[in-house]
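> quick one: sequence plus predicted model below, questions after.
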Amino acid sequence: MTDRKTKVLLERKFSVMLPSILQPINTSRRLLATMLKNMEALGFTFSNQAIETLLTYGDSAVESFYTQMVPSLKEMTGAHKKFQPMYPNFPKQVMDADDAELYLNAIFHYFGDWIGVRIIPDYEVEERPPLLEQTELTVIGVCTEDDFHKLFVNLMGSTTSISQFDKDDLSWYLSTQDFKLPNAIPHKEVLAHVTGVLLDTGHSNKLAPLYKTATDVLRLAVCMSDGDVSLAENTKFRTFKRPERRFLLGLIEQSTNPTEDMARRRSVWLRLGEKLHPGEYKRFPKARKAFKDLRESKARTYNSKVEQAFLQDMDAAIELLTKHPGDFARRLDHILRCVSTEEHPKVLSKFGTIMSDISTPVLLQLSEHFNKRDTAKGGDCRVFFPKGNIARAKIIDNELPGIPGALSTSIVKMCDTALGDRFKELDPLGKVYVDPALRGYLVPFSQRSASKALKTISRGSKIPFQAEKDILRMFIWWKDMNHNGYNSRVDLDLSVQFFNDEWQDTGHVSYTRLRDEKAGTYHSGDITSAPEGAAEFIDMNLGKLAEKGIRYAVMVVLSFTGQKFIDLPECFAGWMERKEMGAGRIFEPKTVTQKFDLTATDRTAVPVVFDIVNRVAIWTDLSLSSRAAKPINIESNSVGINSITKAIASMHKPDLYHLFSLHAEARGELVDSPEDADIVFSVSSGITPMDVETIMGEYL
């Protein structure tokens, strides 16, 4: 079994720790070659530095290291499970079978569910030609102990929200390692999580000065009660110990204007007050008064003051907003539409005085918003990712009234200048190369509901298809649930929905339609239970899809038996890229482009959109509401699938090319070639879109 540190480094950094040894021992080159060949079958190889280091370890140490590492490599691609579809000679078997055979096999299988007997057709497995095509291998590099700690320091120093996967690893790090803390923990959700983990240690007191508002304290209380620290959902507060109550009340006591802040969530604070008993502690007079005012409804919220000022005195509203720079930035478009054209310079002048206090993520998003701001009314839809742990998008029509183009240009310039001035204060970068291909990868702003994946990237990013690979093979693997010692049947369905250039529905392939010959797309058969695990595949021929006029192919996974993905013991999906449908095993780990866990709190997952014309996979990592339709199949969800995927494919969000270019211009010298650079930002080398912790902690 892989030790946790090695597993974390492999999954997050594609690297391992290989310290130099005092007395080198020659390693058999044959042994190392065999090891590399086995890794290649899983889609990985070692860097030159790793190979040179391992050659000094000796056979015994290398064998031990390899044995510990391999389980993680298998799990990262899905190779740790056995993939056995209904039709073992897929896809040829499905292509050649007549409709009657496919229909009867399905009927007998479903009949087995009704009588409680699993009926799977019995076929002789045919010999398959070997997979001879070249595949892109992921290089496993070498990192140091400092790199390991820096990974988590960056995670804690993130200016954006982090995922549950991040939180789990962070909890392990803080609980088991000789950890290091960053100088600041700017994101309040991350601060709450770190403090919650360290609550019973002296380190929690060191973090106390970082709590500035009552809402910061509320997030901590929610975290301590295992609730949603984004505050998007209600939390049932647990009973706190006396030291915990004193700690929380002390944080409220030191916060600025707690009464006004607490009034924004009055009912939540009243429930929390019942657990904190502030009246018992005379040492916290400010906190006691805040709760008393809250109970007597004497508090007036900041938002109510702003809204009233918007109606009565715009100058007063702007003055109020200067005390909350982030809110000013989010309301800037609205303000500019409320005042006359003559007042625009005054608004921008006031806004310019507080830009240094606005976070980098907000300035980047504001710059992108006005950069794409249409001067005419209407346009594309607008996409928002609501707070919370639910992987959904909110889509509304873009009905914003037009504003002068010169005004938008001025705001973009102001934002980029403010960011440049901020970045100039960081360490110089020297000569910098920024890969233009990074325009296809979006900045990772919100990772709350992000799935654990082989390659972690931001929603809306575009992953190019590999050259000369015309076959996409999607896959899912899952297992039945064990409920009170009894097996509970789980039926997941892999489907694909097709749309043309105009986003009109042009068909699908699913358990109700196993093949579309004209689209070159085939399903491996519908399996409706998985006591020992089950798998489904869909093959798509890119050339055939294009010939049929299909522009977008949307991967969809549905829980037919109604369980939420997050409740399943193990469930993952992904896709492979291949040159031929029939060559090699059905599941070839080295051809896996992306593998990800399905952990949505819904029953319909929409993980990826394949753009056939531009030959890119658009990473969506979203779900549809469980109430979308019944029964749970692709036909009854087609409207929701159309809406969500059209929005993601056309949305405008800041990309990594823009972010890294701003850093390069402020901190170094841009060069045209990676060979001439001291630091490289690219898709495949240097700092890449997959280095999410580094991006969130050092560049945002």
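Structure's in. What do you need?
> low pLDDT regions in the chain?
For the chain, residues meeting the criterion pLDDT under 70 lie at 1-2, 299-300, 374-382, 384-399, 485-486, 626-631.
> at 50 instead, please
Scanning the chain for pLDDT under 50 picks out 375-379, 628-629.
> in it, which residue is closest to the centre?
Ala450 (2.8 Å; Cα atoms, centre = their mean).
> now that one: closest residue in space, sequence neighbours ignored.
Among residues not flanking Ala450 along the chain, Ser163 sits closest, at 4.3 Å (Cβ to Cβ, 6 or more residues apart in numbering). Heads up, the C-betas are built off the backbone N, CA and C, glycines and all.
> pull the contacting residues for the residue lying closest to Lys653 once chain neighbours are set aside.
Once flanking residues are discounted, Lys653 sits nearest to Leu442: 4.8 Å by Cβ to Cβ, 6+ apart. The contact partners of Leu442, by Cβ atoms under 8 Å, 6 or more residues apart in numbering, come to Ile457, Ser458, Arg459, Gly460, Ser461, Lys653, Pro654, Asp655, Leu656.
> kindly report the same for Lys236.
Neighbouring residues of Lys236 by Cβ under 8 Å, 6+ apart: Ser225, Gly227.
> redo that, cut-off 7 Å
If a contact means Cβ atoms under 7 Å, 6 or more residues apart in numbering, then Lys236 has Ser225 as its contacts.
> and the gap between it and Leu272?
Distance of Lys236 to Leu272, given as Cβ to Cβ, to the nearest Å: 11 Å.
> do Glu189 as well
To Leu272, Glu189 is 17 Å away according to Cβ to Cβ.
> likewise Arg288?
Distance of Arg288 to Leu272, computed by Cβ to Cβ: 14 Å.
> who has more neighbours out of those two?
Leu272 (23 against 19; other Cβ atoms under 10 Å).
> quick one: that one and Arg238 touch, right?
No: between Leu272 and Arg238 there is no contact under Cβ atoms under 7 Å: 10.7 Å.
> in three-state terms, label the residue nearest to the centre of the chain for me.
coil (DSSP: H, G, I helix; E, B strand; the rest coil).
> run through the residues that contact it.
By Cβ under 7 Å, 6+ apart, Ala450 lies in contact with Ser163, Thr456, Asp621.
> same deal with Val217?
So Val217 contacts Tyr211, Leu248, Leu251, Ile252, Ser255 (Cβ under 7 Å, 6+ apart).
> now, which of those sits nearest Ala649?
Distance to Ala649, by Cβ to Cβ, is smallest for Tyr211 among those, at 40.7 Å.
> gap between that closest one and Phe148?
The spacing between Tyr211 and Phe148, counted by Cβ to Cβ, is 28 Å.
> do Arg373 as well
To Phe148, Arg373 is 43 Å away according to Cβ to Cβ.
> repeat that for Lys188.
Taken as Cβ to Cβ, the span from Lys188 to Phe148 is 26 Å.
> please apply the same query to Ala664.
Distance from Ala664 to Phe148, by Cβ to Cβ: 27 Å.
> how many neighbours does the closest residue to Glu517 other than its chain neighbours have?
In this structure, Glu517 finds its nearest non-sequential neighbour in Met95, 7.8 Å apart by Cβ to Cβ, 6+ apart. Here the number of neighbours of Met95 (other Cβ under 10 Å) works out to 17.
> show me the helices in the stretch 501-650 of the chain, by range?
542-547, 638-650 (DSSP state H, counting those that start in this stretch).
> the ones you listed: which one's closest to Arg219?
Per Cβ to Cβ, nearest to Arg219 of the helices of the stretch 501-650 of the chain: helix 638-650, 28.7 Å.
> got the CA positions of the closest one in PDB?
Extracted in PDB, the C-alpha atoms of helix 638-650 (Å, rounded to 0.1, in the frame of the first residue of the first chain):
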ATOM      1  CA  SER A 638     -32.300  16.700 -22.600                       C
ATOM      2  CA  VAL A 639     -33.500  20.200 -21.900                       C
ATOM      3  CA  GLY A 640     -31.400  20.600 -18.800                       C
ATOM      4  CA  ILE A 641     -28.400  19.100 -20.500                       C
ATOM      5  CA  ASN A 642     -28.800  21.500 -23.400                       C
ATOM      6  CA  SER A 643     -29.000  24.500 -21.200                       C
ATOM      7  CA  ILE A 644     -26.100  23.800 -18.900                       C
ATOM      8  CA  THR A 645     -23.700  22.600 -21.600                       C
ATOM      9  CA  LYS A 646     -24.500  25.500 -24.000                       C
ATOM     10  CA  ALA A 647     -23.800  27.900 -21.200                       C
ATOM     11  CA  ILE A 648     -20.500  26.400 -20.200                       C
ATOM     12  CA  ALA A 649     -19.300  26.100 -23.700                       C
ATOM     13  CA  SER A 650     -19.900  29.800 -24.400                       C
END
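> test my guess that Phe165 contacts Thr456.
No: the criterion here is Cβ under 7 Å, and Phe165 misses it with Thr456 at 8.5 Å.
> which one's more surrounded, those two?
Neighbour totals were compared for Phe165 and Thr456, and Thr456 leads with 24 against 18 (other Cβ under 10 Å).
> how near is the more buried one to Glu698?
Applying Cβ to Cβ to Thr456 and Glu698 gives a distance of 16 Å.
> now swap in Arg459 and tell me
In terms of Cβ to Cβ, Arg459 sits 21 Å off from Glu698.
> same deal with Ser230?
Distance from Ser230 to Glu698, by Cβ to Cβ: 24 Å.
> got it, and Leu199?
28 Å.
> give the buried residues for stretch 677-687.
Ala677, Ile679, Val680, Phe681, Ser682, Val683, Gly686, Ile687 (16 or more other Cβ atoms under 10 Å).
> now do the end-to-end distance for it.
Taking Cα to Cα, to the nearest Å, the first and last residues of stretch 677-687 lie 12 Å apart.
> do the same with stretch 256-265
Counting by Cα to Cα, you get 16 Å between the two ends of stretch 256-265.
> ditto for stretch 425-440
28 Å.
> for stretch 310-318, which positions count as buried?
Buried residues in stretch 310-318, counted by 16+ other Cβ under 10 Å: Phe310, Met314, Ala317, Ile318.
> tell me the one of the residues you listed nearest Met581?
The closest of the buried residues of stretch 310-318, once distances to Met581 are taken by Cβ to Cβ, is Phe310, at 60.6 Å.
> tell me the buried residues in stretch 329-343?
For stretch 329-343, burial by neighbour count (16+ other Cβ under 10 Å) applies to Ala329, Arg330, Arg331, Leu332, Asp333, Ile335, Leu336.
> quick one: the fourth one is in a helix?
Yes: the assignment for Leu332 is a helix, going by three-state DSSP.
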